[in-house]
Every structure is written in C-alpha cells, then in structure tokens.
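Participant: sequence unknown, structure follows:
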C-alpha cells in the first residue's frame, strides 16, 4: 500500500514539476488524527523553486484528490501533505495476501552471530547476539535474501590455554583417563571454573603465566601436527567436542534456526597468518619489535598487533583469515557481523587493513555492535572474574517466573519473553534485562504478544466458517475497524525498513502497537453475532496472519493456548 501511495505522489510531482528529481521523495506515518501518510516534499521543493511550500503542497494535494484513486489529501501547516486512504482501499487490501518485501531479492547475505568460545560457558552477551542475530537473519531472509548463518568460535588462543592450564592443574597431571571420570557431570560449568582459575593464575603469578604461554604454543602445534593421540591432545579435543555439543543443545533449547556453518579459529588461522605475512612484504603490515603490526595512523585509527613476538597470530590475524575465508567461499553480496561494542575499534582496524588488499570484501561488510547486558539496576558483569551473568542464569530466571505466573512449564513463554525483551531494545546501547517485567502479561512483553495471537485465533474458531466470507468493498468502516486496518497495512513497510536498517526493534515496536490497536478494536467492536460480523471476521483473520508473521520474525514460539 505504501508503494502505491508513494508511486502516485512521485508521478504527480513529476508531471507538475518535470525538472524535480522524485527519487528522494518519501512518506511517513503521522498521528492517526492527521491521516494515514504524510509527505514533506513541498518543503524540500520550495527552496529549489523559490516558491512558498504551501503553494506547492496545494497543487500536489489537489492533483491527488482529482486522481480519484482511493486516496484523499489535504495540506497542514506550512506545507505538509496529509493523505488518507479510502475505506474501500483498506477493505480491498485486507482481503489480499501480504506482499513479501524484496529488498534483498537475489542477494546472498552472510550473518555471523553468537560466536561462543569452547572451553567456556555462554554468558548473557552470547545469549543476546544469538537471539538478536537469529531475528535479523529471519527478517533479512523474509525480505528475499539467501541467508547463510555463520558461527565463529575461538578454539585456539590464550583463553583456551588458560582453561587447559586450569584443567591440567585440577587433574594433577596430563592424564585423559582422569578427565573421563569428570565428563559425566556439569562439564561446561567445570570448564568455566577452570578458565577462571587459569585467568587468575595468568594475572597473578609469573611462573603460571609462563606455563600458560607455553600451553598456548602447544595448542597451535597440535593443530598444525594433527595430534589427536597424546594425553594433552585427547584432553583438548574432548573438551572442545563437549563444548560444541553444549552449544548445539543450547541453541535447540532457544528455538533458533540452525547455523549453516561453524567456523573455528583453528580453521582460519593458517590463512590469516599466511595473508598477514604476504601483505607485510607488500607494505600493508609492518614489523615492529619482532612482532607484525598494522599502523592505524594512515586511517586515523589505532595500531594493533597481528602477529606477536612469539610468532603466533593474534585475534586480528585470525579475523583476517575469517574475512578472506567468507569471501572466498561465498562471494557474498552482504556480510553482517554482530559483536559487543568492545570489539568495534578492533574490527575497524582489521577491516581497514584488509581493505588495503581485498577492498570488495570489506565494502560489503556491516559490523553491528551492542552494549553490555545488564540486569535491571545496571550492574555490569565480568566473565574474567568469574561473576558473569551466564546465559543459563538468564533463562533459568525467566523460566522460574514464567512457571509461577502461568502455572505451567511451557518453556516457549519464558524463552519468548527473553527474545522480545532483547529485540525491542535498539542495537548499539547497553541491554537492560528485567526478568519479572519481561514475563509480565501486561504491557510491552513477549507473553503479552503470544497471548494476543492465541486470543485472535480463538475468535476465528468461535465464528467458524464465517472467516471465509467475502465482504463488499463498498462498505464503510467504523473508527475502530479502520484503525486496526490502517495499522495492519504498515506491516510490509515496517519489515522492509527493518530489513534495510537491520533493526528487529522496529518489528518489535510495530508488533506491540499492532496488538494494542487490535485490543481497542476488539473491546469496542464485537465480532460474533453482530451485523458487521462479515467485515470484522475478515479483519481478525488478516490480523492473525500478520501478528503470527511478526512473532516468527522475532523468533517467538507460536502457542496454541496459554
């Protein structure tokens, strides 16, 4: 519907003012009292043509009204054009199938998110990127893209070495049989505790630090030598395997769509190391104090180390390998990466360096960042110190409150409450999570929206076959019928905008507003056993389809009862 209105305005402006470039004309959703759409093109044109904006707006508005195409217009203020759709247009629209946005049609889009590290439990930040990344992937896919979901994880590096030090120290020796006696228990929590021990030892004791540095080298060597039989290697590979099993079980619990590919750091490290060394010869990177760096001064960025003085690749070099692997394997139209804000400057330097020798891969990359996940009250959690807010902690708290509130063990309600709580917050700032309000049935929450869909479906069941009755396009709509129809016809527009801006919060906000508008309609406009049942049941049916699509885009489970 929006495209029809926008197309009509552009056509009229082009006819009245042939010299004006109409491609920049846009329309917005005004307050309902002012109409269904508004356009400020007259304000922009006034400067170019040196005419009062009101005079231009009057001409455009008159042409719209004279077109007799189901849209009416008036002018407000200095020259804002307000547009109202006819009831006939709205009734016609609600009887037609939804139009899927095609802004990513025929495009291949890689979306990398979650990115947990083996040997450590997932923390709340991983939970956030997993759920919001899943929603972004769903929205972009709905908008026509071939989406490839990527999960990048650090199975080599200093964090693994710290954990391995803690494991060996806890076992008393490098003996795989001793580990085998432990793995039947809470292995991931156990590994997390070992990491905390290793990290503390690395920071507090020079001898332990030297041992961890040595272990770090050994981990790289077991990969390069394909060692799977030594006691050290068996401990490493088993813990890595258990970590990945834990990840997959966790994703199943969340109900997110499966990843198309898991890329461990060990896979991309050789390519990253090789590329950095080659590009050092070409002057992209440079040697400094026995290390290899990228001098960010040329890009107004800071300098970072890509190969350390031990000859080992840093996270930066591995990231180079990841970028080149993605580009080599997929030749994507767009690559989206979702990480915490703390990686923003780090990624800027990495991407700037790669742009020096593979510009196209970088030009097609979008890096989205988010802030810290905090409990209500703003307390920051630190994984290095062992007092992290884990992903399991967040889910368990939501499940406990959900069970108490709904007197059942429907995990879809608890998971949905977290998904919506995260999705409705704009990506970029800190993420505030309040378990109690997220599970509330009153207000802006996932359960409120899940129940709204259950309720709408129950209405359709009650009216039975009347849901398939056609209605006369010549009917008028009352204020509440019109209000919900008006809100519904923004759906395609909102999803398209959300897909372009990579913003699940736009869909979340719209979904809540849609449900509120429907509740007012239902309160004032009884559906069953009413002279207007025909038109109202068609409205409810359309609303049910759109609301369900919204919930699916946000990843919320569709429930049949609550």
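Facilitator: Structure's in. What do you need? Since the model is a prediction, treat every value here as computed from it, not as a measurement.

Participant: Give me the phi and psi angles of the closest residue to residue 491 other than its chain neighbours.
Facilitator: Counting by Cβ to Cβ, 6 or more residues apart in numbering, residue 546 is the residue found nearest to residue 491 once chain neighbours are left out, at 5.0 Å. In short, each C-beta sits where N, CA and C put it, glycine included. Note on residue 546: its backbone torsions stand at phi -70, psi -40 [degrees, to the nearest 10].

Participant: ditto for residue 290
Facilitator: Recorded main-chain torsions at residue 290 are phi 70, psi 10, according to degrees, to the nearest 10.

Participant: Listing request: residues of the stretch 51-200 of the chain with sub-threshold pLDDT.
Facilitator: In the predicted model of the stretch 51-200 of the chain, residues 184-185 satisfy pLDDT under 70.

Participant: Show me where it has its helices.
Facilitator: 53-67, 87-94, 124-142, 158-171, 176-180, 187-204 (DSSP state H, counting those that start in this stretch).

Participant: can you put the ones you listed in a markdown table and add mean neighbour count and distance to residue 210?
Facilitator: What follows is those, written out as a markdown table (neighbours: other Cβ atoms under 10 Å; distance: least, Cβ to Cβ, whole Å):
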| stretch | mean neighbour count | distance to residue 210 |
| --- | --- | --- |
| helix 53-67 | 18 | 73 |
| helix 87-94 | 19 | 71 |
| helix 124-142 | 25 | 30 |
| helix 158-171 | 23 | 11 |
| helix 176-180 | 15 | 24 |
| helix 187-204 | 19 | 10 |
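
Participant: Stretch 118-131: end-to-end distance?
Facilitator: With Cα to Cα, to the nearest Å as the measure, the first residue of stretch 118-131 is 19 Å from its last.

Participant: now that stretch, how far from the centre of its chain.
Facilitator: 14 Å (Cα atoms, centre = their mean, to the nearest Å).

Participant: For the protein, which residues score under the pLDDT cut-off?
Facilitator: Within the chain, the segments meeting pLDDT under 70 span 184-185, 378-388, 465-475.

Participant: Would you mind splitting it into its domains for me?
Facilitator: The record assigns the chain these domain ranges, following automatic domain parsing: 2-85, 158-252, 394-554.

Participant: ok, and which of those domains has the densest surroundings?
Facilitator: domain 394-554 (a mean of 19; mean count of other Cβ atoms under 10 Å).

Participant: picking up where we left off before, now the residue nearest to residue 491: how far from residue 486?
Facilitator: Here the criterion is Cβ to Cβ, to the nearest Å. By it, residue 546 lies 13 Å from residue 486.

Participant: Same question for residue 396.
Facilitator: Using Cβ to Cβ, we find residue 396 at a distance of 41 Å from residue 486.

Participant: Please apply the same query to residue 186.
Facilitator: With Cβ to Cβ as the criterion, residue 186 and residue 486 are 53 Å apart.

Participant: next one: residue 154
Facilitator: From residue 154 over to residue 486 the distance is 49 Å, taken as Cβ to Cβ.

Participant: How about residue 502?
Facilitator: The gap separating residue 502 from residue 486 is 27 Å, by Cβ to Cβ.

Participant: Among the domains of the chain, which comes closest to residue 346?
Facilitator: Go through the domains of the chain one by one with Cβ to Cβ and the one that ends up closest to residue 346 is domain 158-252, at 15.0 Å.

Participant: First-to-last residue distance for that closest one?
Facilitator: Using Cα to Cα, first and last residues of domain 158-252 are 29 Å apart.

Participant: Stretch 297-304 now?
Facilitator: End-to-end distance of stretch 297-304: 11 Å, with Cα to Cα as the criterion.

Participant: in that stretch, what's buried?
Facilitator: Taking 16 or more other Cβ atoms under 10 Å as the neighbour-count basis, stretch 297-304 is seen to contain the buried residues 301, 304.
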